[in-house]
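S.K.: let me see the structure of the following:
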Amino acid sequence: MDNNGGTVMIVEDNEKQLDIYQSMLPSMKKYEVLAATTLSEARRLLCNTQPDVILLDIDLPDGSGIDFCCEIRNETAAAIIFVTGKPEREYKQKGLDVGGDDYITKPFTMSDLFTRIESVRKRKRYQRR
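M.R.: Next up, the predicted model:
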């Protein structure tokens, strides 16, 4: 992979988790990070930017990440990775069915997250060819 990791938008309401992402992603893989703690903030960010990857929690204060994915799927070329504490099969199936590119359940290592981000970015690049 190149040294520039691209832009990652994180939609996560857990401040502690968000702080970890915001400190680790830029320092380890040179990602530019955009952060939103609500879906309304995420919508505003998407009006002004086109991230390469969106890390999307399912349970957010103002709605469902699954519904948000469905809403934006045809409006963004970003890869969408669900990052959630919901390990149940029906959530994973629904998330992938509505257009998610990957699904990872908490807890996980940052190494696993980096690998998944790079994997979906690579797939998106191949799809554009």
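
S.K.: tell me the secondary structure at the residue minimising distance to the centre of the chain.
M.R.: With distances taken as C-alpha atoms, centre = their mean, residue 55 lies nearest the centre of the chain, 1.3 Å away. Secondary structure state of residue 55, per DSSP: H, G, I helix; E, B strand; the rest coil, is strand.

S.K.: show me what it bridges to in the sheet.
M.R.: Assessed by DSSP bridges, residue 55 has beta-bridge partners residue 10, residue 81.

S.K.: would you map the helices across this protein?
M.R.: 15-29, 39-48, 65-72, 89-97, 110-128 (DSSP state H).

S.K.: what's the neighbour count on the nearest residue to residue 5 once chain neighbours are set aside?
M.R.: Setting aside the residues directly before and after it, residue 5 is nearest to residue 31 in space (C-beta to C-beta, 6 or more residues apart in numbering), at 3.8 Å. Every residue, glycine included, has its C-beta placed from N, CA and C. Neighbour count for residue 31, taken as other C-beta atoms under 10 Å: 23.

S.K.: surely residue 31 is in contact with residue 6?
M.R.: Yes: between residue 31 and residue 6 there is a contact under C-beta atoms under 8 Å: 6.4 Å.

S.K.: buried residues in stretch 100-107?
M.R.: Within stretch 100-107, the residues scored as buried using 16 or more other C-beta atoms under 10 Å are 100-104.

S.K.: return the member of these nearest to residue 17.
M.R.: Distance to residue 17 across those (C-beta to C-beta) is lowest for residue 104, with 12.5 Å.
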